[in-house]
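Chemist: Okay, predicted coordinates and the sequence, questions at the end:
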There are 4 protein chains.
Amino acid sequence: MSVLLEFSMFPTSNECVDGSSVSSYVSKIIDAIDKSGVSYRLTPMGTVIETETMKEALAIIELAYKQLQDCDRVYSSLKFDIRKNTKNRLKTKIASVEKILKREINH
Amino acid sequence: MSVLLEFSMFPTSNECVDGSSVSSYVSKIIDAIDKSGVSYRLTPMGTVIETETMKEALAIIELAYKQLQDCDRVYSSLKFDIRKNTKNRLKTKIASVEKILKREINH
Amino acid sequence: MSVLLEFSMFPTSNECVDGSSVSSYVSKIIDAIDKSGVSYRLTPMGTVIETETMKEALAIIELAYKQLQDCDRVYSSLKFDIRKNTKNRLKTKIASVEKILKREINH
Amino acid sequence: MSVLLEFSMFPTSNECVDGSSVSSYVSKIIDAIDKSGVSYRLTPMGTVIETETMKEALAIIELAYKQLQDCDRVYSSLKFDIRKNTKNRLKTKIASVEKILKREINH
């Protein structure tokens, strides 16, 4: 099974926001994900991780929130694409589009 | 703490879709949420639950997926609004908007 | 055609956030939607509107952003469910779940 | 102004789904975005575009739906991050995280 989870998570309360910037807190989350050993890719709008089970993916959400747990208010937007009998979709999904279009695509 | 989680989850593979309809599987999820005892509200686009901890909210996501685990492919879109020192926001968030606007709003 | 759009939109920059609260700006959006005449329902996590075309739904997103355009940074999370040969799904989607489960559900 | 829009859009009705796969329709959308000239990046879970105005971003959503308009049912999940006085965030957001963490991150 391949569980793809794309998500962003950030503080929205003033004491954790620097003007308009939340990059210090977002960096804490990326740091924790990177060190956790899970397969991931950072995008300009969030992080995509791939796991073999829902339990592992949900544990990453919990890990991410732990990095922000001192903030009064936290927002997160997420989506799952869960598919059986496949793996390594962090790479194959983009490759599949390029194969159909027969050219390279920005990624 | 109040953890609000809004989410929708549905199968996207043909063997679990009846033409355009996924209401039998969506109903299974609502049934499981209703019987779990968690505070929730059904909307035309998903379900909003409220818990006191992230762990409880993540357990509901896992429970929801269990209802669809026989389907080859499942999609889910979710958002969290996590706020400290508050509760019962399933009711108070809408009431707060009505208080500011000084009139009733469709809900 | 029935275009269902669920969305939330709020400022995330300090000058438009009152501690942890964004309810004054969220209320401005609800006020504009209510006055626009579009079919809608407020939920604890956003607003669901129903239109007959994509153009109308996209115009509501633009209208919502106009209410926040003085804020340095704005975030929005949205989802569309677009289905042909149907209408009035703000009501019928919940009724359909209740019919399958043969009981009333919190909404 | 920099409008970042991350979105995925796909058919969910049987006549447009090949088993579990929607990659032929997703490729149509990527093809249209690529040819439109807008700045974009494909990710394993969607597409991120960057525009200078909301109008341009909303036009891309409309363009994407046009590629799927023959399908009975279409689903889309989206998020906006709109920020004033900045540009080129398709590149700078990831670079900013790497600068804070003082190391390269998978992207």
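Modeler: Noted; the coordinates are in hand.
Chemist: Quick one, grab the pLDDT at A:Val38.
Modeler: pLDDT, A:Val38: 98.
Chemist: Do I have it right that it meets A:Thr47?
Modeler: No. Look at A:Val38 against A:Thr47 with C-beta atoms under 8 Å: they stay out of range, at 9.7 Å. C-betas here are computed from N, CA, C, even on glycine.
Chemist: Show me which of those two is the more surrounded one.
Modeler: A:Thr47 (27 against 18; other C-beta atoms under 10 Å in any protein chain shown).
Chemist: what residues does chain A put near chain D?
Modeler: With C-beta under 8 Å from any C-beta of the partner chain as the criterion, chain A meets chain D at residues A:4, A:6, A:8, A:20, A:23-24, A:26-27, A:30-31, A:34, A:40-46, A:48, A:50, A:77, A:79, A:81, A:83, A:89-91, A:93-94, A:96-97, A:100-101, A:105-107.
Chemist: Among those residues, name the ones in strands.
Modeler: A:4, A:6, A:8, A:40-43, A:46, A:48, A:50, A:77, A:79, A:81, A:83 (DSSP state E).
Chemist: What sits closest to A:Lys91 if chain neighbours are left out?
Modeler: D:Pro44 (7.7 Å; C-beta to C-beta, 6 or more residues apart in numbering or on different chains).
Chemist: So which residues on chain A come close to chain C?
Modeler: Counting by C-beta under 8 Å from any C-beta, chain A sits next to chain C at A:Phe10, A:Thr12, A:Ser13, A:Asn14, A:Val17, A:Gly19, A:Ser20, A:Val22, A:Asp72, A:Arg73, A:Tyr75, A:Ser77.
Chemist: and these, which are buried?
Modeler: A:Phe10, A:Thr12, A:Ser13, A:Asn14, A:Val17, A:Ser20, A:Val22, A:Asp72, A:Arg73, A:Tyr75, A:Ser77 (16 or more other C-beta atoms under 10 Å in any protein chain shown).
Chemist: What ranges does chain A have for its helices?
Modeler: Here chain A has its helices, by DSSP state H, at A:23-36, A:54-67, A:89-101.
Chemist: So which of the buried ones among the residues of chain A next to chain C is the closest to A:Lys66?
Modeler: A:Lys66 has its nearest neighbour among these in A:Phe10, at 14.3 Å by C-beta to C-beta.
Chemist: As JSON lines, the helices of chain A with mean neighbour count would be great.
Modeler: Compiled in JSON lines, these are given as follows (neighbours: other C-beta atoms under 10 Å in any protein chain shown):
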{"stretch": "helix A:23-36", "mean neighbour count": "18"}
{"stretch": "helix A:54-67", "mean neighbour count": "18"}
{"stretch": "helix A:89-101", "mean neighbour count": "16"}
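Chemist: list the contacts for A:Thr47?
Modeler: A:Glu6, A:Phe7, A:Ser8, A:Ile29, A:Ile30, A:Ile33, A:Tyr40, A:Arg41 (C-beta atoms under 8 Å, 6 or more residues apart in numbering or on different chains).
Chemist: and A:Gln67, what does it touch?
Modeler: A:Tyr25, A:Lys28, A:Ile29, A:Asp31, A:Ala32.
Chemist: so how far is B:Asn14 from the second one?
Modeler: What that stands for is A:Lys28. 42 Å (C-beta to C-beta, to the nearest Å).
Chemist: which residues does the most centrally placed residue in chain A bridge with?
Modeler: Chain A has A:Thr47 as the residue nearest its centroid, 2.6 Å off, counting by C-alpha atoms, centre = their mean. Bridge pairing for A:Thr47 (DSSP bridges) gives the partners A:Phe7, A:Leu42.
Chemist: For it, give its distance to A:Ser77.
Modeler: Counting by C-beta to C-beta, the gap from A:Thr47 to A:Ser77 is 12 Å.
Chemist: what sits in contact with each of those two?
Modeler: With C-beta under 8 Å, 6+ apart as the test, A:Thr47 and A:Ser77 both reach A:Phe7, A:Ser8.
Chemist: hmm, who's touching stretch A:81-100?
Modeler: A:1-4, A:39-41, A:48, A:50, A:52, A:54, A:104-105, A:107, B:65, B:72-76, D:20, D:23-24, D:26-27, D:30, D:42-45.
Chemist: from what I can see A:Ser76 touches A:Thr12, true?
Modeler: No. At 10.1 Å, A:Ser76 and A:Thr12 do not qualify as touching, with contact defined as C-beta under 8 Å.
Chemist: still on that earlier bit, okay, among the buried ones among the residues of chain A next to chain C, which ones form the most distant pair?
Modeler: Of all pairs in these, the most separated under C-beta to C-beta is A:Asn14 and A:Ser77 at 20.4 Å.
Chemist: and chain A, which of its residues are near chain B?
Modeler: Near chain B, when you scan chain A using C-beta under 8 Å from any C-beta, you find A:9, A:54-55, A:58, A:61-62, A:65, A:72-85.
Chemist: If we use 6 Å, what do you get?
Modeler: Residues of chain A lying near chain B by C-beta under 6 Å from any C-beta of the partner chain: A:54, A:58, A:62, A:65, A:72-84.
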